[in-house]
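In: Pasting the sequence and the predicted model now:
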Amino acid sequence: MASQNGSILSMRNLHKIYETQDQPLLALRDITLDVRSGEFVTFVGPSGCGKSTLLNIIGGLLDRTSGDIWFKGQEQREPRREIGMMFQTAVLFDWRTVVDNVLLPVEILGMDREAYRSRALQLLDLTGLKGFEAAYPRQLSGGMQQRVSLSRVLVYDPEVLLLDEPFGALDEFTREAMNLELLHIWDTTKKTVVFVTHNINEAVFLSDRVVVMTPRPGQIAKVLDVKLPRPRTREAMKLPLFAEKVFEVRELLGVAH
Ligand code: ADP
Ligand code: MG
């Protein structure tokens, strides 16, 4: 059985149809993929190809129309503690300080707030927010707000991170810095990451495997291995292999170049 092959996540023939007012909309078609524990996998595809739909299904926030998903051999249909999600916009609460925003999942999960406080502070330090613990979201730039959001998904230590275009709203420089930070965290914590983006460079730079999707209905066009050395630094972008993979993804996506 698919669930017994040692993968942390197994997706089999996932389909998603949205029932809309006029006609049913096929958003995902036949998505089959296994994700290994500790792997960094990125889905890349054009806007509207079903990336968020897929991530929400994996996270248990949305039901599929047919097909199966297993998390460590258990059927996956509900949000669970072991799987954390981060979205494109930070969704922070204005009236909570930075550290209180980070501690939100701890409260929701009914865990001991005080016990996790030092971890929250550590993560804010790790994500470059030392000194801003008591600030409010409105006092932070977009990049800083995403750092808070990243700290928040890390605070309760989920094994799997589902990241939906987490740095999509950031400028190129901040995005690059966040990517490096994310890789550092991933290297040190050995989490499994399922990342979604429409940025081809970002997909190749971060990932062990890039899953290229077709336009709607989203199907898997191809899965590419990216065997760039780890830990990755900016230097990786100068390697011929980086350029080759970026080119290959562009070809598959039909991007003019
Ligand atoms: P992506 O994240 O790749 O941009 P989405 O998963 O958000 O794509 O959307 C895939 C397709 O499904 C789009 O055509 C979108 O309009 C449609 N869609 C998304 N959510 C809903 C919904 N709740 N009801 C109907 N259609 C939806
Ligand atoms: Mg989306």
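Out: Now that the structure is in, tell me what you want to look at. Ligands and ions are numbered 1, 2, ... in the order given.

In: end-to-end on stretch 19-33?
Out: Criterion C-alpha to C-alpha, to the nearest Å; first-to-last residue distance in stretch 19-33 is 25 Å.

In: What of stretch 85-92?
Out: Termini of stretch 85-92 sit 14 Å apart (C-alpha to C-alpha).

In: Please list the residues of the stretch 51-200 of the chain that sit near ligand 1.
Out: Residues of the stretch 51-200 of the chain lying near ligand 1 by C-beta under 6 Å from any ligand atom: Lys51, Ser52, Thr53. In short, each C-beta sits where N, CA and C put it, glycine included.

In: can those residues go into a markdown table with extra columns for secondary structure, pLDDT and neighbour count?
Out: What follows is these, written out as a markdown table (DSSP: H, G, I helix; E, B strand; the rest coil; pLDDT from 0 to 100; neighbours: other C-beta atoms under 10 Å):
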| residue | secondary structure | pLDDT | neighbour count |
| --- | --- | --- | --- |
| Lys51 | helix | 97 | 25 |
| Ser52 | helix | 96 | 19 |
| Thr53 | helix | 97 | 21 |
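
In: from those, which single one is nearest Leu182?
Out: Lys51 (17.4 Å; C-beta to C-beta).

In: tell me which element the nearest residue to that closest one once chain neighbours are set aside is part of?
Out: Among residues not flanking Lys51 along the chain, Val196 sits closest, at 4.4 Å (C-beta to C-beta, 6 or more residues apart in numbering). Here Val196 sits within strand 192-197, counting by DSSP states H and E.

In: How far away from the center of its chain is that strand?
Out: 3 Å (C-alpha atoms, centre = their mean, to the nearest Å).

In: Which SSE is immediately downstream of that strand?
Out: helix 200-206.

In: Tell me the buried residues in the helix or strand that comes right after that following helix?
Out: Counting by DSSP H and E, the next helix or strand C-terminal to helix 200-206 is strand 209-213. Using 16 or more other C-beta atoms under 10 Å as the test for burial, strand 209-213 gives Arg209, Val210, Val211, Val212, Met213.

In: Could you check how far Arg117 is from ligand 1?
Out: 34 Å (C-beta to the nearest ligand atom, to the nearest Å).

In: That residue and Thr189: what is the separation?
Out: 19 Å (C-beta to C-beta, to the nearest Å).

In: And those two? Which one has more around it.
Out: Legend: neighbour count by other C-beta atoms under 10 Å for Arg117 and Thr189, higher for Arg117 (17 against 13).

In: you'd agree the more buried one is in a strand?
Out: No: when classified by DSSP: H, G, I helix; E, B strand; the rest coil, Arg117 is found to be helix rather than part of a strand.
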